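[1] no sequence for this one, just the structure:
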């Protein structure tokens, strides 16, 4: 019995089968890591399809309200920080007047946009 323990196993290659199983794992494909990545829609066609009159109305209102917001903010800061109360009050009042004019232009532009869009539907 002691002689059997000293003997080496036969070199038939089976002792190395388990080593091949634990090699480095294969790298997964990038597509297999999760759901597919969505792509953004092409918005250039939608912008080109818009009526130029609607685009002018929209961008005119955007610029008007941006200037009004900056004027009101600047006027409030000039007054609050005590830099120049008179100039701050003038800028603030100017911004409030621009805001009121912007509201008037928005209501008018809403009616104009309804006419423009309504006119396109009648032509179809």
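    Okay, I see it. In this text the structure is predicted, and so the values were computed from the model without any measurement. Numbers count the residues shown, from 1 in each chain.
[2] What residues sit buried inside stretch 69-86?
    Neighbour counts using 16 or more other CB atoms under 10 Å place 71, 72, 74, 75, 78, 79 of stretch 69-86 among the buried residues. For the C-beta atoms, the positions are set from N, CA and C on the backbone; glycine is no exception.
[3] make that stretch 43-59, sorry
    residue 57.
[4] Would you mind measuring the gap between the ends of it?
    End-to-end distance of stretch 43-59: 17 Å, with CA to CA, to the nearest Å as the criterion.
[5] do stretch 38-58 as well
    30 Å.
[6] Now the element after the helix or strand that contains residue 76, going C-ward?
    Following DSSP states H and E, one finds residue 76 within helix 52-80. As assigned by DSSP H and E, the chain's next helix or strand after helix 52-80 is helix 85-123.
[7] That next one vs helix 52-80, what angle?
    Counting by axes from the mean of the first three to the mean of the last three CA atoms, to 10 degrees, helix 85-123 lies at 160 degrees to helix 52-80.
[8] just checking, what packs against helix 85-123?
    Helix 85-123 is packed against helix 52-80, with contacts defined by 3 or more CB pairs under 8 Å, 6 or more residues apart in numbering; DSSP states H and E.
[9] which helices and strands sit right next to the helix it packs on?
    The contact analysis (3+ CB pairs under 8 Å, 6+ apart) places helix 52-80 against helix 85-123.
[10] Under the pLDDT cut-off, which ranges of this protein? List them.
    Along the chain, the model assigns pLDDT under 70 to residues 1-26, 28-32, 45-48, 119-124.
[11] go again using 80 as the cut-off
    Judged against pLDDT under 80, the low-scoring parts of the chain cover residues 1-37, 42-50, 119-124.
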